[in-house]
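> just need the structure, nothing else, for what follows:
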Amino acid sequence: MSTKKISSSTVYNPKILLVGIYAPYNKIKNMEAYFDEFLSLVNTLGLQYEKTLFLKIRTVDKANFLTKGKLKEVVEVCEKNNIEEVIFSESLSPLQERNLEEMLDCKVWDLSLIHISE
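Just a heads-up that it's a prediction; the model follows:
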């Protein structure tokens with residue numbers, strides 16, 4: 001009699017925060033439609049996210065992308081919800097991505113993740 005080994009695989013889903021950014025260079029007039037498109041792209045990838053945060057910014061900080069006040073908002077959401085990964089709706093420079101990872105204490109992805117995965 002043969003014995004079959006049954007294995008169970010557990011899928012780990014990190015706690016993800018989606019950060020939709022409406023920046024001054026963004027020429028789309030309907031901000032809600034822009035954010036809906038971002039969520040649709042994320043859902044198409046099958047990513048499960050814990051929270052969403054939509055921010056309108058007036059300027060882009062070269063080092064952190066977000067200004068101090070907006071960065072503080074994101075940090076608070078991450079800490080309160082034990083967020084492990086953050087996906088931004090905008091492209092980040094390598095410097096901004098690295099600095100955000102340090103400030104938020106989690107992995108940071110930008111819009112390129114979505115485009116690469118499509």
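> and the nearest residue to Gln96 once chain neighbours are set aside, how far is that from Pro94?
With CB to CB, 6 or more residues apart in numbering as the criterion, Gln96 has its nearest non-adjacent residue at 4.3 Å, and that residue is Phe65. In this view, the C-beta of every residue, glycine as well, is placed from N, C-alpha and C. Distance, Phe65 to Pro94, by CB to CB, to the nearest Å: 12 Å.
> where does the protein have low pLDDT?
1-10, 113-118 (pLDDT under 70).
> now do the strands in it.
Residue ranges of the strands in the chain, as given by DSSP state E, are 16-22, 51-56, 85-88, 107-109.
> any idea how far stretch 50-59 is from the chain center?
10 Å (CA atoms, centre = their mean, to the nearest Å).
> so how far is Gln48 from Tyr12?
11 Å.
> what touches both of those two?
With contacts defined as CB atoms under 8 Å, 6 or more residues apart in numbering, no residue is shared by Tyr12 and Gln48.
> who's more crowded, the two?
Remark: of Tyr12 and Gln48, Gln48 carries more neighbours, 12 against 5, as counted by other CB atoms under 10 Å.
> list the residues that contact that one.
Per CB under 8 Å, 6+ apart, neighbours of Gln48: 13, 16.
> the same query, at a cut-off of 7 Å, please.
Asn13 (CB atoms under 7 Å, 6 or more residues apart in numbering).
> got it, and Leu18?
Taking CB under 7 Å, 6+ apart, one finds 42, 49, 52, 87 in contact with Leu18.
> hmm, back to that, Phe65 and Pro94: who's more crowded?
Phe65 (25 against 7).
> go ahead and confirm that one touches Leu92.
Yes. Proximity of Phe65 to Leu92 meets the contact threshold set by CB atoms under 7 Å, at 5.6 Å.
> which residues do these two both contact?
By CB under 7 Å, 6+ apart, no residue touches both Phe65 and Leu92.
> quick one, helices of this protein?
For the chain, the helices defined by DSSP state H occupy 31-44, 68-80, 94-104, 111-117.
> kindly reformat those helices as a markdown table containing distance to Gly20.
Output for the helices of the chain, formatted as a markdown table (distance: least, CB to CB, whole Å):
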| stretch | distance to Gly20 |
| --- | --- |
| helix 31-44 | 4 |
| helix 68-80 | 12 |
| helix 94-104 | 15 |
| helix 111-117 | 10 |
